[in-house]
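Peer 1: Following is a predicted model, sequence given first.
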Amino acid sequence: MAEFAEFENQDAIRFTWNSWPSSKIETSKCIVPLAAVYTPLRSIPDKPPLPYPPLRCKSCRALLNPFVVVDFHGKIWVCSFCFQRNHFPPHYHSVSENNLPPELFPMYSTLEYSLPVEQSLPPVFLFVLDTCLIEEELRFLKMALTQAIELLPEHALVGIITFGAQVHAHEIGFADIPKTYVFRGSKELTKETILDHLGLSATRSAFQKRAQSGAIPAGREGIDYSSISRFLLPASECEFTLTTLLDELQKDGWPVQPDQRPMRCTGMALSIAAGLLAACVPGTGARIMAFVGGPCTEGPGMIVSKDFSEPIRSHKDLDKDAVPHYHKAVKFYQGLAKQLVNQGHVLDLFACSLDQVGVAEMKVIVERSGGLVVLAESFGHFVFKESFKRVFEAGDHALGLSFNGTFEVICSKDVKIQGIIGPCASLEKKGVACSDIVVGQGNTTAWKMCGLDRNTSLTIFFDVVPSERSTTAVQSAGWQFFLQFLTYYQHTDGKMRLRATTLTRRWVDSTVNTEELSSGFDQETAAVVIARLVSYKMETEEEFDATRWLDRSLIRLSSRFGDYRKDDPTSFKFNDRFTIFPQFMFNLRRSQFVQVFNNSPDETAYFRMLLNRENVPNSVVMIQPSLISYSFNSPPEPVLLDVASIVADRILLLDAYFSLVIFHGMTIAQWRSMGYQNQSEYQAFAQLLEGPKDDAQLILNERFPVPRLVICDQHASQ
């Protein structure tokens, strides 16, 4: 699998099959879908962005790439996708075999263009705070936000909305005279009504003068700068105002009866936040950061009533369809998701509560807008505090948050696109490359990615639909086919960029020999794709038996690619490319993605959202945790996920992605309790204790959300 990891390092992509069958029938016999996991913004070292716009094919709009055929004498290049002949423009006049532009170098299959724009666009952060919290939780949240405001870029635009039984939109443009617009949480309002109440309907003449100076991005037609600056201001201008507002912020004053939940209008608050951004910064990268500490009990998006006599929905209730509020809430968030996607804005959700808060209902809006999600027990918990701080950190461990992206796939004519599973939304750009089979966000060749970072990954599903002429050519010549992935997005520096990845793979005739097909099987990627596909099917197909489907898929794969004698189980043998795949399936069957027992709908939605957005190595750890052993006798080494790996003189580091566990054997724990690590003659023991802590810290620094860290001893209480 080392060569597949190398592909990922170069082009940020991994395929389930790196050689594709040349017919639709043979494709169906592969069992594992033809799919790719692509990370659009993975860092590409030593490849600075090109400071000029790309050269496109005049027919299919594909970009110039290393696989085109070039006539240097005639200054013509032939598109590898549609075979259209294109002339090089005048500024490419010096191109020759000895003077190639970067686009034609083989190692530049992935490159990035820095596109010219009139002005850099500042990032926009609109904080939406739940005030129906106990005093301690509210204090933790205010401390976290105060620290975050200090980390914001000075030019970033910031605003704040608070909500409880009512929604409060705070004006921050006039520090001396605080002003708040109050909306009733029980009544659903249209976007136009919200804007009218906020007073965002003035003429645009004064705004246009200020917008030309580059101080703030242009709002929608008819909105002037003075209206926008009441709610959104650069961080450098409003830091004191925001800090003062947070200091004075009090718990929601609406009375709560002992047998009732607080009146919390989460859906209405998000609707007002979306409407405010629609008026002020349409088409500009903006994030709504919602901090929620309990379930919505009022207005649109309600998931449970105020009375404690009504329990919050469970998986059993969902199976029985005994959920009076669920479908209505999901429909509301679907509409809000469509609005955010049209505006190019993101919803980030930070849910911190011992109870459910409605993550299952809000999953659609977070995923389609490409938002971040963090689920923790408290706003004072390590997971929330460290994860939230990471959002604004700069340097090597920065998330690299980018905004307002568009993703497009161009492919050879015999390849069709079934759809995408991941944090994106369809732009409904239909064409000949769309397959009749739809998986996830399908029937399109372009998708909106309102928010993306350096780990955001998409799973693209493909279909093979060869024409009669191309099938004959493929079988006789083993031709190549091509794929191009285009990601247009607003970089963290405010400039617009375009990243292009162009790849080629070969057709194989698997009816004659399966060895060439098997040699290109990537079992890690296959396990991740199967996990995402089964999670998707569990959410969208009624009466879907996930365990049975996984078992039957593995049986069919074994029958197709295994080597065995009929009626002799001991003779079965898998090709080396498939040996670990059954182990992945065994762990997937038992994982939280398939087995929902002992998990709430919120937790299941959270796990699946992270599975759908992470890269292959991280997703593999979610499916099959890694276990590393530390001992005096050998360097750190992976060991089996088995009780036999527990030894008294050994330390184990378990990485289950959502949690990290450092487990000390009984002897190690006793020596540590006696303080041997503090004595100079036992420095080796001190180093042994520090080894797993250092490795765990590396994981904590790289991963988002930050996993829970547990340090425990054999036969101890934890």
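Peer 2: That came in fine, so what should we check first?

Peer 1: ok so P53 is a strand residue?
Peer 2: No - for P53, which was evaluated using DSSP: H, G, I helix; E, B strand; the rest coil, the result is coil, with no strand membership.

Peer 1: quick one: it and S114 touch, right?
Peer 2: No - with contact taken as CB atoms under 8 Å, P53 and S114 are classed as non-touching, separated by 9.3 Å. (C-beta placed from N, C-alpha, C; glycine too.)

Peer 1: which one of these two has more residues nearby?
Peer 2: Neighbours were counted for P53 and for S114 using other CB atoms under 10 Å; S114 has more, 17 against 11.

Peer 1: For the closest residue to the more buried one other than its chain neighbours, give me the backbone phi and psi.
Peer 2: Closest residue to S114 in three dimensions, ignoring its sequence neighbours and counting by CB to CB, 6 or more residues apart in numbering: P49, at 4.1 Å. Main-chain dihedrals, P49, degrees, to the nearest 10: phi -60, psi 140.

Peer 1: burial count for P49?
Peer 2: Close neighbours of P49, defined as other CB under 10 Å, add up to 16.

Peer 1: List the residues that contact it.
Peer 2: By CB atoms under 8 Å, 6 or more residues apart in numbering, the contact set of P49 is L111, E112, Y113, S114, R497.

Peer 1: Mind checking what secondary structure the second one has?
Peer 2: Secondary structure assignment for E112 (three-state DSSP): strand.

Peer 1: Confirm F462 sits in a strand?
Peer 2: Yes - assigned with three-state DSSP, F462 falls within a strand.

Peer 1: what sits opposite it in the beta ladder?
Peer 2: I417 (DSSP bridges).

Peer 1: And it, how close does it get to T502?
Peer 2: 16 Å (CB to CB, to the nearest Å).

Peer 1: tell me which element G419 is part of?
Peer 2: The secondary structure element spanning G419 is strand 415-421 (assigned by DSSP states H and E).

Peer 1: so how far is that strand from its chain's centroid?
Peer 2: For strand 415-421, the distance between its averaged C-alpha position and the chain's averaged C-alpha position is 18 Å (CA atoms, centre = their mean, to the nearest Å).

Peer 1: tell me what the helix or strand following it is packed against?
Peer 2: From strand 415-421 onward toward the C-terminus, using DSSP H and E, the following helix or strand is strand 425-426. With contacts defined as 3 or more CB pairs under 8 Å, 6 or more residues apart in numbering; DSSP states H and E, the packing partners of strand 425-426 are helix 326-343, strand 446-452.

Peer 1: I'd like those written out as a markdown table, with distance to M289 and mean pLDDT added.
Peer 2: A markdown table is the format used below for the helices and strands packed on strand 425-426 (distance: least, CB to CB, whole Å; pLDDT from 0 to 100):
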| stretch | distance to M289 | mean pLDDT |
| --- | --- | --- |
| helix 326-343 | 13 | 96 |
| strand 446-452 | 11 | 95 |
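
Peer 1: Minimum distance to L276: which of the ones you listed has it?
Peer 2: Of all those, helix 326-343 sits nearest to L276, with 10.7 Å by CB to CB.

Peer 1: any idea which residue sits dead centre in this structure?
Peer 2: For the chain, the residue sitting closest to the mean C-alpha position, by CA atoms, centre = their mean, is R613 at 3.2 Å.

Peer 1: Run through the residues that contact that residue.
Peer 2: If you count contacts by CB under 8 Å, 6+ apart, R613 has them with E367, G422, P423, N455, T456, S457.

Peer 1: mind showing which ranges of the stretch 551-700 of the chain have poor pLDDT?
Peer 2: By pLDDT under 70, the stretch 551-700 of the chain has no low-scoring segment.

Peer 1: pLDDT of stretch 454-471, averaged?
Peer 2: The average pLDDT for stretch 454-471 rounds to 84.

Peer 1: Mind listing what's buried along that stretch?
Peer 2: Along stretch 454-471, the positions that meet the burial threshold by neighbour count (16 or more other CB atoms under 10 Å) are 454-466, 470-471.

Peer 1: likewise stretch 327-337?
Peer 2: Within stretch 327-337, the residues that qualify as buried are A329, V330, F332, Y333, L336, A337, counting by 16+ other CB under 10 Å.

Peer 1: Next, the contact list for M449, please.
Peer 2: For M449, the contacting residues are P40, G370, G405, T406, F407, P423, C424, T456, T487, Y489, taking CB under 8 Å, 6+ apart as the criterion.

Peer 1: isn't the first one right up against L452?
Peer 2: Yes - here P40 reaches L452: they are 6.4 Å apart, a contact under CB under 8 Å.

Peer 1: Reformat the helices and strands packed on strand 425-426 as a markdown table; add distance to N9.
Peer 2: Formatted as a markdown table, the entries for the helices and strands packed on strand 425-426 read as follows, by distance: least, CB to CB, whole Å:
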| stretch | distance to N9 |
| --- | --- |
| helix 326-343 | 32 |
| strand 446-452 | 19 |
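
Peer 1: and the gap between C280 and V32?
Peer 2: Taking CB to CB as the criterion, C280 is separated from V32 by 46 Å.

Peer 1: quick one, which of those two is more surrounded?
Peer 2: Taking neighbours as other CB under 10 Å, C280 and V32 compare with C280 leading, 29 against 23.

Peer 1: Could I get the pLDDT score of the more buried one?
Peer 2: Residue-level confidence at C280 comes out at 87, pLDDT.

Peer 1: Leaving out the residues flanking it, which one is nearest to it?
Peer 2: Leaving out its chain neighbours, the residue that sits closest to C280 by CB to CB, 6+ apart is I228, at 4.5 Å.

Peer 1: again, but for C434
Peer 2: In space, C434 is closest to N443, 5.4 Å off (CB to CB, 6+ apart).

Peer 1: That neighbour: how many residues sit nearby?
Peer 2: Number of residues near N443 (other CB under 10 Å) recorded here: 16.

Peer 1: Is it correct that it is in contact with S426?
Peer 2: Yes - taking CB under 8 Å as the definition, N443 is a contact partner of S426 at 7.0 Å.

Peer 1: Show me the strands in the stretch 201-350 of the chain, by range?
Peer 2: Chain-ordered strands for the stretch 201-350 of the chain, with DSSP state E, counting those that start in this stretch as the definition, fall at 233-234, 286-292, 345-352.

Peer 1: quick one: which of these is nearest T540?
Peer 2: Comparing those by their distance to T540 (CB to CB), the top pick is strand 345-352, with 21.5 Å.
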